[in-house]
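In: Task: produce atomic coordinates for the following.
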Amino acid sequence: MSEKRYFRQQNPFRVPTTDGKLIEEHIGWASTQTDAYSVAHMVAPPHWSEPHQNPEFDEITIVVRGRKQFEVDGDLIELGAGESLLIKAGARVQYSNPFDAECEYWSICVPAFTMDTVNREQ
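Out: Numbering: from 1, shown residues only. As a prediction, this is how the structure comes out:
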């Protein structure tokens, strides 16, 4: 029998966090050792934020529910449900949910997200 040319993810990798954010990587380095791209489902709690970062990958965010705020090279951008944003590699970015409700979204990174290439500021 030949190798299957598809992969069904039934148990995404749940990234351990300490800030209340849910991160489930469906495809990517942590879940499938895929380095070309990663796909993750996330839920950011109200009043959540990450440090600024300067990733070495493009990142597409698709908001499903709630609102999410981005600071990209000094510009503030707010997305709502049904909207998406592409942030190119090398931009200085901060992701946050300064609002009173959860924000559910999907993130696609090309190449795949890794802690070594996200370049978070301290």
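In: so where do the strands sit in the chain?
Out: 13-14, 22-27, 38-44, 48-49, 58-65, 67-72, 75-80, 84-87, 93-97, 103-110 (DSSP state E).
In: Which of those sits closest to Phe7?
Out: Closest approach to Phe7 among those (C-beta to C-beta): strand 22-27, 7.6 Å. Every C-beta, even on glycine, is put in place using the N, C-alpha and C of the backbone.
In: What pairs with the closest one, parallel or antiparallel?
Out: Strand pairing for strand 22-27, using DSSP bridges, gives strand 13-14 (antiparallel), strand 38-44 (antiparallel).
In: Reformat the strands of the chain as TSV; add mean pLDDT.
Out: TSV is the format used below for the strands of the chain (pLDDT from 0 to 100):
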stretch	mean pLDDT
strand 13-14	98
strand 22-27	98
strand 38-44	98
strand 48-49	98
strand 58-65	98
strand 67-72	98
strand 75-80	98
strand 84-87	98
strand 93-97	98
strand 103-110	98
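In: Make CSV from these and add distance to Thr117 to it.
Out: Output for the strands of the chain, formatted as CSV (distance: least, C-beta to C-beta, whole Å):
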stretch, distance to Thr117
strand 13-14, 17
strand 22-27, 15
strand 38-44, 11
strand 48-49, 20
strand 58-65, 11
strand 67-72, 17
strand 75-80, 22
strand 84-87, 14
strand 93-97, 13
strand 103-110, 9
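In: So which of the strands paired with strand 22-27 is the most surrounded?
Out: Ranked by mean neighbour count, these are led by strand 38-44 with a mean of 21 (mean count of other C-beta atoms under 10 Å).
In: so what's Glu83 scoring on pLDDT?
Out: On pLDDT, Glu83 comes in at 98.
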